[in-house]
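Student: Below is the sequence, then the predicted model.
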There are 2 protein chains.
Amino acid sequence: MTSSDQLAFGVFTEIGIIDQLASHAFTQVLPRSMSIAQFGILNHFVRLGHEYRTPAQLAEDFQVSRPTMSNTLSRLERSGLVEITANPDDGRGKRVSITDKGRSMREQCIAGLAAPIADMNAQVPPELLEKIHPLLTQLREIMDQMRN
Amino acid sequence: MTSSDQLAFGVFTEIGIIDQLASHAFTQVLPRSMSIAQFGILNHFVRLGHEYRTPAQLAEDFQVSRPTMSNTLSRLERSGLVEITANPDDGRGKRVSITDKGRSMREQCIAGLAAPIADMNAQVPPELLEKIHPLLTQLREIMDQMRN
DNA sequence: TTAAGATAGTTAGCTATCTAATTAAATATT
DNA sequence: AATATTTAATTAGATAGCTAACTATCTTAA
């Protein structure tokens, strides 16, 4: 392993740990029945204002396999947070939309997340986040391209 | 959500995606039977030169719950890559050590990881990794402290 | 027009991760 | 010395993620 290799390895190790710590902190404050993956989907519908989205599109949006998305959507549907119907444009396909219950659940999640986010902003120097964000975006974009 | 909140949220979103992409890329090149978690443990023994380590210490080292470590260690033991024995210093405890088979498996994993790491070094500007690494370390340390 | 190939989604089976609860042993307290 | 508390590890039962294999449908090509 060259020192460049070690550097790259170190970067991904740190990222793995931070992801784990952040996921854990966020999971703590979500309603008992909600996971980060599930919140992500509800939030996605609200933020982007999508009316309908197919499971395949959502899998693509979240960079997740289709069976994974299938599974997460079933849970959301079982809880009444999304509605899944046949896709009128494609007999193989389905369409997903968020329900009113889903919207209010999303609000509740956002409210819960406020506390740890505020903590984070209190403990982490703002310059650190400002410096690191564009670098992460750059790295993510490069890795995204490498995938294809 | 204030703009600071959005910044913090954006940072963790990027980190989540990068972690997923990197994990996926690494998993591809590990031997069929190996996972990143399992490789991490073998690598830990070699890098730090530990002879013995208790499951509880390993759980702490990797910031993972004890049942998680318990599970991963069982798999490694089943594959003959680590050895788990009673801890002579503590009747409740156990001791883990890496086996010769574990060492050569670790070598094999390192060899497989070389390719994607080299790719990464080819695609990602070295300054990006050099700039981002200390920032990530700083963020990780702060989050680690917040946990306690 | 029929057959081949691609795409949407699901099912099955795997690993990693978590929390809660359990067992056994060590430590502290009274 | 006896009891209570803490600690080590495991078991049970979740969710999220993956790949492989399957069904159904759509699209393309012979």
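Tutor: Received, thanks.
Student: Relative to B:I18, how far out is the most centrally placed residue in chain A?
Tutor: In chain A, the residue lying closest to the centroid (CA atoms, centre = their mean) is A:G40, at 4.1 Å. A:G40 sits 16 Å away from B:I18, going by CB to CB, to the nearest Å. All C-beta spots, glycine's among them, are computed from the backbone N, C-alpha and C.
Student: coming back round to it: how close does the residue nearest to the centre of chain A get to DNA strand D?
Tutor: 8 Å (CB to the nearest atom of the strand, to the nearest Å).
Student: Please name the spatially closest residue to that residue (chain neighbours excluded).
Tutor: A:F62 (6.5 Å; CB to CB, 6 or more residues apart in numbering or on different chains).
Student: need the contact list for the one you found.
Tutor: Listed by CB atoms under 8 Å, 6 or more residues apart in numbering or on different chains, the contact set of A:F62 reads A:A37, A:G40, A:I41, A:H44, A:M69.
Student: distance of it from DNA strand C?
Tutor: A:F62 is 13 Å from DNA strand C, by CB to the nearest atom of the strand.
Student: Against which helices or strands is the longest helix along chain A packed?
Tutor: Ranked by number of residues, the top helix in chain A under DSSP state H is helix A:3-29. In this structure, helix A:3-29 packs against helix A:36-48, helix A:100-123, helix B:3-29, helix B:100-123, helix B:126-147, with contacts taken as 3 or more CB pairs under 8 Å, 6 or more residues apart in numbering or on different chains; DSSP states H and E.
Student: For chain B, tell me whether the helix or strand that the first one is followed by is touching it.
Tutor: Per DSSP states H and E, the first helix or strand lying C-terminal to helix A:36-48 is helix A:55-61. No. With CB under 8 Å from any CB of the partner chain as the measure, helix A:55-61 is seen stopping short of chain B, the closest distance being 11.0 Å.
Student: quick one: contacts of helix A:55-61?
Tutor: Outside helix A:55-61, the residues touching it (CB under 8 Å, 6+ apart) are A:41, A:44, A:53, A:65-66, A:68-70, A:73, A:84, A:93-94, A:96.
Student: Equivalent analysis for stretch A:23-42, please.
Tutor: A:58, A:62, A:64, A:72-73, A:75-76, A:79, A:81-82, A:98, A:102-103, A:105-106, A:108-109, A:112-113, A:115-116, B:12, B:16, B:143, B:146-147.
Student: Of the residues you listed, grab the buried ones for PyMOL.
Tutor: Restricted to buried positions by 16 or more other CB atoms under 10 Å in any protein chain shown, the PyMOL selection for these reads:
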select buried, (chain A and resi 58+62+64+72+73+75+76+81+82+98+102+105+106+109+112+113+116) or (chain B and resi 12+16+143)
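Student: so A:H133 makes contact with B:Q6?
Tutor: No. Taking contacts as CB atoms under 8 Å, A:H133 lies outside contact range of B:Q6: 10.1 Å.
Student: Of these two, give the one with the bigger neighbour count.
Tutor: Applying other CB atoms under 10 Å in any protein chain shown to A:H133 and B:Q6 shows that A:H133 carries more neighbours, namely 17 against 12.
Student: Run the chain-centre distance for stretch A:88-98.
Tutor: Centroid displacement of stretch A:88-98 relative to its chain, using CA atoms, centre = their mean, to the nearest Å, is 22 Å.
Student: Need the residues that contact that stretch.
Tutor: A:42, A:45-46, A:51-56, A:58, A:73, A:81-87, A:106.
Student: repeat that for 6 Å
Tutor: Residues from elsewhere that reach stretch A:88-98, judged by CB atoms under 6 Å, 6 or more residues apart in numbering or on different chains: A:F45, A:Y52, A:R53, A:T54, A:P55, A:V82, A:E83, A:I84, A:T85, A:N87.
Student: Write out the residues of chain A neighbouring DNA strand D.
Tutor: A:35-38, A:62-65, A:67-68, A:71-72, A:75, A:90-92 (CB under 7 Å from any atom of the strand).
Student: Could you work out the most separated pair of those residues?
Tutor: A:I36 and A:G91 (33.0 Å; CB to CB).
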